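> structure of the sequence below:
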Amino acid sequence: MEIYKDTLCVSHAELTDSIMTNAALMHACQRDKFLRVRRACSGKSALYDVERFPSEYRAKIKRQCTAPDVQAQARAFIDTIMIDQVAATYYEEVVIEGARGLSHEKRMLYTNSASILNAIQAHLSASSAEQKKVGRSHRVKMSDYWQRMAEFLPRVADVYPHDLPESPRVLQRKYQNYVKGGQPNYEVLISGKFRNKNAAKVATKEQVALITKFMSHRTNTDCQEVADYYNTFCDALGWKSINRRTVWNWAQRYGWAVNAGKYGAKDYMNRYGMQVKRFAPTAPMLYWTLDGWTVELYYKKRTEGKRGGRTEYYNRLTVVVVLDPANKYPIGYAIGHHESCELIKAALRNAVNHTAELFGQRLRPVQIQSDNYQIKVMLPTYGIAEYVTPAQVGNAKSKVIEPYFRRLNHRYAKKCPGNWSGYGITSRKEIQPNMEWLNAHKGQIPDEEGVRQQIRWIIESERALKREEYAAGYSKIPAEYLLPMTTECYLLNFGYETGYKNALEGSGLNVRLLGERHTYDSFDLEFRKYAHLRWNVKFDPDDMHTVLALSEEGDIKFLLEEKYVQPMALADRRPGDAEELQKVWDFNNELKRMVIEHDAEATEIVRESLLHHPDLNNPYITGVLTDSRGQNKDRKNQYRLEYTDISEETAYEESAGAGITASTRDLY
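This next block holds a predicted model:
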């Protein structure tokens, strides 16, 4: 380095040696035409103004191009620096705007700066004491001292990174403010932008409240619109106007406060709300979750136009999947055109029947989680579980089945390239299928039945992959959570209805199911007591041997079995016919016994009632019946008196039999 026209300069050779490349230097000269103060000519090297270089290059230049004696002096000064632990603690405890603090980098820079200023203070104190000993003749000018300290700083930064100014005058002022009052003032080293000491355009509570209200408006205003709205108040209130960059900075700081108004409460809670973290069930049947998936597979359907022409349109099917998160096993599913209550019931019916295939009996889940679709209608069906826990409205993260659908789409549906529709309208374009190819090959898109087969292949592939692990988990189900589903419960929740009512006849309950006539009856004597009712019949198409008969109000129900058909001819009798016939005879005998017992009990009750109320047995009281003379009162009184005498005589005879004496008889 050298001084040229009162400017500290560095030569081209010094720069390109190890500081920067020639290309970078030429580019810097293009950006700053005053950077080069002398061109190379007549054996003279080009010179460049050191102070016009960016800070990172300027520090390198001063470190590497400093004279050896200056470097040695800087080394000696570095050895006197000791890290100020009090400053380090102070900057760790600094709080900015509530919960924010200084970054690790800033704490290190401020701590090192304070340590360097402490070393300067110690050096000045030692120099002042030395001057008192040797006299004023060896006094060093303060301007030269601060100039030398400023030259030391680039070398010091190699060991102790800092943010002290390299200008001698500014460094001196910073030091004076730091030691003002006799004690280190660590606060002066903190940048004003952390303490709102800069000329902030938005600083008061009123300004912050106004800008945040504009940012949180329901119309989802952008930064430029917020700036325009805010600036309309600035002229009237005498505030400084702002630009969209200022709004963007405030939007980053106050996103927690304004995003609810911009995007809604659901989006806000999904982004800022605390989510509950849970682990998967430890055994099968403890927890089921279900939802509908509009499968990303197109199917085509032809319709007849008004003028006889054919029209093709393309759509997608929906599958409701019942998932057991124990190992993400699809325990049940049902395919339809759209999600509905019937489709959800069909998926649960498939799930319950599949448990019988896996475990040998129908089982009920302990807990069911669903969304809130038709929740009031579906609650009775969800009641097959001990606990029903609908997901919070708008909180899709609480359902593990949502990411499961994305996995099925990526792993299976994407392997159907002829009709795969992609990942959804909100996905990035570069990961979507080639729509030009799909439009050019519409003939390869299958019909509805073809897509149904593809969906069955997806679910059955998942089941085959995880079936063995899931079935092995049966032994892990706690005994208290092993909940068998009775046939009555199954038919009540998932049985099909005939759509009409049936009355009990002598032959039983005659019902037409799926076009065939069936006769059902019950050996329960109580069923005969409700022979006057008409019954709704619920049945399982896969097993119509047993049906459920429900009263119109649904408060009375009986499980009926299909009647055993006896042969007419004795020669056609089969093994078991006699036993079944005997069961019918035994039932009828029991029915007769029940009727006789009821009649005897009723007769006894009526007799006792007539004994206590003799007038009730007088036909001249119960009805206006006259004698041959047309008299009613005489016959009524005569009948009453005669009945009373007979009753008294009977009472006397009963009392005499009980040990009443002759003298006592005279009283009657």
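> could you list the buried residues of stretch 535-554?
Neighbour counts over stretch 535-554 (16 or more other Cβ atoms under 10 Å) mark 535-540, 544, 546-550 as buried. Glycine gets a C-beta too; all of them are placed from N, C-alpha and C.
> so how far is stretch 149-161 off the chain centroid?
With Cα atoms, centre = their mean, to the nearest Å as the basis, stretch 149-161 stands 55 Å off its chain's centre.
> contact partners of it?
58-60, 62-63, 66, 70-71, 73-75, 77-78, 81, 108-109, 112, 115-116, 120, 162, 164, 166-168, 171 (Cβ atoms under 8 Å, 6 or more residues apart in numbering).
> burial check on the nearest residue to residue 417 once chain neighbours are set aside, number of neighbours?
In space, and not counting its chain neighbours, residue 417 is closest to residue 433: 7.3 Å by Cβ to Cβ, 6 or more residues apart in numbering. Neighbours of residue 433 under the rule other Cβ atoms under 10 Å: 15.
> helix, strand, or coil at residue 433?
At residue 433 the chain is in coil, as set by DSSP: H, G, I helix; E, B strand; the rest coil.
> contact partners for it?
Residue 433 touches 417, 420-422, counting by Cβ under 8 Å, 6+ apart.
> now intersect those with the strands, please.
Within those, no residue falls in strands by DSSP state E.
> give me the buried subset of those residues.
Neighbour counting with 16+ other Cβ under 10 Å marks 420-422 as buried within those.
> out of the residues you listed, which one sits closest to residue 96?
For these, the minimum distance to residue 96 (Cβ to Cβ) is 46.2 Å, reached by residue 422.
> can you give me the helices in the stretch 501-650 of the chain?
Listed in chain order, the helices of the stretch 501-650 of the chain (DSSP state H, counting those that start in this stretch) span 526-529, 577-612, 619-622, 633-657.
> now the second one, how far from the centre of its chain.
Helix 577-612 has its C-alpha centroid displaced from the chain centroid by 61 Å (Cα atoms, centre = their mean).
> go on, stretch 319-334?
The answer for stretch 319-334 is 17 Å, by Cα atoms, centre = their mean.
> now do stretch 294-306
32 Å.
> which residue ranges of the stretch 451-600 of the chain form strands?
Here the stretch 451-600 of the chain has its strands, by DSSP state E, counting those that start in this stretch, at 483-484, 496-505, 508-513, 516-521, 534-540, 543-550, 557-562.
> quick one, the third one and strand 534-540 angle?
Regarding strand 508-513 and strand 534-540, their directions subtend 50 degrees when assessed with axes from the mean of the first three to the mean of the last three Cα atoms, to 10 degrees.
> which stretches of the stretch 101-250 of the chain have low pLDDT?
Under the criterion pLDDT under 70, the flagged ranges of the stretch 101-250 of the chain are 133-140, 195-200.
> so which residues of it form helices?
Secondary structure of the stretch 101-250 of the chain (DSSP H, counting those that start in this stretch): helices at 104-134, 142-159, 168-179, 205-215, 223-237, 244-253.
> contacts for the third one?
Residues outside helix 168-179 that contact it (Cβ under 8 Å, 6+ apart) are 114, 117, 120-121, 142-143, 146-147, 149-150, 153, 164-165, 184-185, 188-189.
> point me to the helix or strand that includes residue 279.
Using DSSP states H and E, residue 279 sits in no helix or strand.
> can you give me the neighbour number for it?
If we define neighbours as other Cβ under 10 Å, then residue 279 has 6 of them.
> contacts only, for it.
Residue 279 touches nothing, counting by Cβ under 8 Å, 6+ apart.
> what are the phi and psi values at residue 524?
phi -80, psi 120 (degrees, to the nearest 10).
> which residue is the nearest non-sequential neighbour of it?
Leaving out its chain neighbours, residue 524 is closest to residue 558 (Cβ to Cβ, 6+ apart), at 6.2 Å.
> could you count how many residues lie near that neighbour?
For residue 558, using other Cβ under 10 Å, the count is 19.
> same check, this time on the one 10 residues further on
For residue 568, the tally of surrounding residues (other Cβ under 10 Å) stands at 7.
> how near is it to residue 517?
Remark: distance between residue 568 and residue 517 (Cβ to Cβ, to the nearest Å) = 18 Å.
> report pLDDT for the residue nearest to residue 524.
At residue 558, the pLDDT value in this model is 94.
> distance of residue 172 relative to residue 569?
Distance of residue 172 to residue 569, given as Cβ to Cβ: 128 Å.
> who's more crowded, the two?
Neighbour totals were compared for residue 172 and residue 569, and residue 172 leads with 19 against 6 (other Cβ under 10 Å).
> show the average pLDDT along the strand of greatest length in the chain.
Determined from DSSP E, the single longest strand within the chain is strand 288-304. Regarding strand 288-304, the rounded mean pLDDT is 88.
> so which bits of it are buried?
288-293, 295-300.
> and what of stretch 325-344?
For stretch 325-344, by 16+ other Cβ under 10 Å, it's 325-326, 328-336, 339-340, 343-344.
> name the nearest of the residues you listed relative to residue 50.
Once Cβ to Cβ is applied, the member of the buried residues of stretch 325-344 that ends up nearest residue 50 is residue 328, at 66.0 Å.
> if we can go back for a sec, as a markdown table, the strands of the stretch 451-600 of the chain with distance to residue 446 would be great.
Formatted as a markdown table, the strands of the stretch 451-600 of the chain follow (distance: least, Cβ to Cβ, whole Å):
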| stretch | distance to residue 446 |
| --- | --- |
| strand 483-484 | 40 |
| strand 496-505 | 29 |
| strand 508-513 | 33 |
| strand 516-521 | 34 |
| strand 534-540 | 31 |
| strand 543-550 | 33 |
| strand 557-562 | 40 |
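> out of those strands, which comes closest to residue 399?
strand 483-484 (22.7 Å).
> okay, now the domains of the chain?
1-65, 205-272, 288-484, 495-563, 617-657 (automatic domain parsing).
> ranked by average pLDDT, which of those falls at the bottom?
Minimum mean pLDDT among those: domain 617-657, a mean of 58.
> where's residue 404 relative to residue 275, distance?
18 Å.
> those two - which one has more neighbours?
More crowded of residue 404 and residue 275, by other Cβ under 10 Å: residue 404, with 19 against 10.
> quick one, the host helix or strand of that one and strand 288-304 angle?
Here residue 404, judged by DSSP H and E, is contained in helix 401-411. For helix 401-411 against strand 288-304, the angle by the same axes, to 10 degrees is 50 degrees.
> who touches helix 401-411?
Contacts of helix 401-411 (Cβ under 8 Å, 6+ apart): 289-291, 293, 295-296, 321, 323, 328, 396, 423, 458, 462.
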